[in-house]
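> Quick one: sequence plus predicted model below, questions after.
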Amino acid sequence: MIIRALEFNDFKDCVNLLNMLEDGKFVFHYKYELEKKFDEMVSWFIITFLGITTRPIPPVMTENRKVDLLSLYMIVERDGGYNSVTEDNLWPIIAKDMGFEYKDGEYMRTVYAMYLDILVYYYKFKEVQKRADESEGMKDKQDAPECSLGRSTSAEDIKKVNEEETYALYAENSWEGTWNAHKKRRKFNFNHARKAVDEANASVLKGINKRN
């Protein structure tokens, strides 16, 4: 009922939905309703909030295969965010987690950059701003009015967020286990993986030749 009642008229409505997604088990149990509502949120944010009308929502790949934006958001967040996934070369694995092929990793990165990156940036900015305002309110109660330090705390917190994660704001033009696994995946080296496959194939061929 709460999910279905959500409407998007202000960015705080986006914040409310994104806050719900912090509970992976909740997302798993109500994925169908949340998936539709997440697409509504992204649509409102891109078209109404940003004024971008040229991006189809949800995005689709060849053969009209829909990209599940909710799953993409959850998996990338689990792996540390856009920058972390890019630096650790995890986009091919993200694509595989999403039901596509390793070669679709770059497409997954582009979709995230075009549809979700600036949304996540705004969300984290607002959360930092909220915590800073709450902290400032507590300080105001402790200090005399003439000792107020203004909004320096907010600026410092926002700077900290920006240092931890810089976002690509614009771009031209069982999964329960995946979502709930909190241990960050290590950097993936495709050269090592390819070497292991080649060695395995060579071993099989060698065994066949011996039998012959």
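Right, received. Where do you want to start? Numbers count the residues shown, from 1 in each chain.
> and stretch 68-87, average pLDDT?
On average, the pLDDT along stretch 68-87 is 94.
> can you check stretch 53-63 too?
Per-residue scores along stretch 53-63 average to 86.
> ok, residues contacting that stretch?
39, 42-43, 46-47, 66-69, 100, 104, 107, 111, 114-115, 173 (CB atoms under 8 Å, 6 or more residues apart in numbering). Every residue, glycine included, has its C-beta placed from N, CA and C.
> By neighbours, which of these wins?
Counting neighbours by other CB atoms under 10 Å, residue 115 leads these with 25 neighbours.
> For this protein, give me the ranges with low pLDDT.
127-212 (pLDDT under 70).
> how does it look with 80?
Scanning the chain for pLDDT under 80 picks out the ranges 1-2, 62-63, 126-212.
> Take the contacts of stretch 53-63 and keep only those in helices.
In helices, judged by DSSP state H, the following of those are found: 39, 42, 43, 69, 107, 111, 114, 115.
> Export those residues as JSON lines, with columns for distance to residue 88.
Listed next are the ones in helices among the contacts of stretch 53-63 as JSON lines, based on distance: CB to CB, whole Å:
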{"residue": "39", "distance to residue 88": "28"}
{"residue": "42", "distance to residue 88": "25"}
{"residue": "43", "distance to residue 88": "30"}
{"residue": "69", "distance to residue 88": "21"}
{"residue": "107", "distance to residue 88": "18"}
{"residue": "111", "distance to residue 88": "18"}
{"residue": "114", "distance to residue 88": "21"}
{"residue": "115", "distance to residue 88": "21"}
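> Tell me the one of those nearest residue 122?
residue 42 (12.1 Å; CB to CB).
> I'd say that closest one and residue 67 touch.
No - look at residue 42 against residue 67 with CB atoms under 8 Å: they stay out of range, at 11.0 Å.
> Report how many residues lie close to the residue nearest to residue 47 when sequence neighbours are not counted.
Closest residue in space to residue 47, ignoring its immediate chain neighbours: residue 53 at 5.8 Å, by CB to CB, 6 or more residues apart in numbering. Residue 53 has 8 neighbours, counted by other CB under 10 Å.
> quick one: secondary structure of residue 53?
Here residue 53 is coil, with the state taken from DSSP: H, G, I helix; E, B strand; the rest coil.
> Could I get the phi/psi values of it?
phi -120, psi 10 (degrees, to the nearest 10).
> Next, work out how far apart it and residue 41 are.
17 Å (CB to CB, to the nearest Å).
> do residue 65 as well
For residue 65 relative to residue 41 (CB to CB), the value is 22 Å.
> just residue 114 next, same as before
15 Å.
> If residue 60 is in a bridge, with which residues?
residue 66 (DSSP bridges).
> neighbours of it, just the number please.
12.
> repeat for the one 10 residues further on
The local packing of residue 70 (other CB under 10 Å) involves 21 other residues.
> and the residue lying closest to it once chain neighbours are set aside, what does it touch?
Nearest non-adjacent residue to residue 70, counting by CB to CB, 6+ apart: residue 38, 4.1 Å away. By CB under 8 Å, 6+ apart, the residues touching residue 38 are 17, 69, 70, 73.
> Closest to residue 124 out of those?
Once CB to CB is applied, the member of the contacts of residue 38 that ends up nearest residue 124 is residue 73, at 12.8 Å.
> And the closest one, how close does it get to residue 38?
7 Å.
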